[in-house]
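Participant: Sequence and computational prediction follow.
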Amino acid sequence: MLKSKSQSIDRILIVDDEPLAREAFTLVIEDMELTPKEIDRFPGPDIQSFVTTIQPNDAILCDYHLKKRSYAPCNGDEILRQCYRAGVPGVLVTSIDPVPIRRDCLRFIPRVLRTTVLDPSSLKHALEQSGQELAGNIQSSRKPWRTLVRVDDVDEDHECFYAVVPAWSVRIRVPIYIDYLPANVAKLVEPGRRFHALVNTGAEEARDLYFDEWETQ
């Protein structure tokens, strides 16, 4: 059993479309003296169907790329967002660098682990961090603050815009895909437009910035 401030973990669900990867993760989890549960078929047509199968002492180990073989209806970042909101600790694992995580999901993914460095110790620490956040103990680099977000430029070809967050940096432009915005915000995106959103302005790198709870005023 692994104890965190939000719950005790007895079992880890392995969400990955690669059977060999699931087997490798199983060995890591067994070394932690926890029970692995390989999810060889995603239950149900949507994320909520999966969340309803999670037991109180479960945690999630989830790969990023899950749509390429129609294993799941979405990628791992969206699954972990829903699990986090349901109070389930989880860790995203991937071999991709950089990881194209949706910025509206980043808030709900406390830790990303590379598959090349996944071992019992790193997984334990990642789950502990996830549990701490769920208990309300959020690191300064991850803490959300309501802040101004200004649209600097719009890239219609790539369906994204470049945002400046003055409270974080007045020089660095952060790319944000328009499809990941609430509909009432997306239709207002234009150069010079100002919004407010919850942003972790303590982040050290632009890739770690998340944007959530957008406001049009």
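Facilitator: Done, it's in.
Participant: What residues does residue 97 make contact with?
Facilitator: residue 114 (C-beta atoms under 8 Å, 6 or more residues apart in numbering). Quick note: C-beta positions are derived from backbone N, CA and C, even for glycine.
Participant: worst-scoring helix or strand of the chain, pLDDT-wise?
Facilitator: When each helix and strand of the chain is scored by mean pLDDT, DSSP states H and E, strand 2-3 comes last, with a mean of 65.
Participant: Quick one: name whatever helix or strand follows the longest strand anywhere in the chain.
Facilitator: For the chain, the longest strand by residue count, based on DSSP state E, is strand 145-155. As assigned by DSSP states H and E, the chain's next helix or strand after strand 145-155 is strand 160-165.
Participant: And the pLDDT at the residue most central in space within the chain?
Facilitator: In the chain, the C-alpha nearest the mean C-alpha coordinate belongs to residue 109, at 3.2 Å (C-alpha atoms, centre = their mean). pLDDT recorded at residue 109 is 96.
Participant: What of residue 28?
Facilitator: The predicted local confidence for residue 28 is 96.
Participant: ditto for residue 46
Facilitator: On the pLDDT scale, residue 46 gets 86.
Participant: How much space separates residue 28 from residue 210?
Facilitator: As judged by C-beta to C-beta, to the nearest Å, residue 28 and residue 210 stand 27 Å apart.
Participant: Over to residue 147?
Facilitator: Taken as C-beta to C-beta, the span from residue 147 to residue 210 is 12 Å.
Participant: of those two, who's got more company?
Facilitator: residue 210 (20 against 17; other C-beta atoms under 10 Å).
Participant: Which phi and psi values does that one adopt?
Facilitator: The phi and psi torsions at residue 210 (degrees, to the nearest 10) take the values phi -110, psi 160.
Participant: Now do the contacts for it.
Facilitator: 103-107, 144, 198-200.
Participant: tell me which of those is nearest to residue 19?
Facilitator: Closest approach to residue 19 among the contacts of residue 210 (C-beta to C-beta): residue 105, at 25.7 Å.
Participant: how about the strands in the chain?
Facilitator: Using DSSP E, strands in the chain cover 2-3, 8-9, 11-15, 35-39, 58-63, 90-94, 112-114, 145-155, 160-165, 169-177, 194-199, 211-215.
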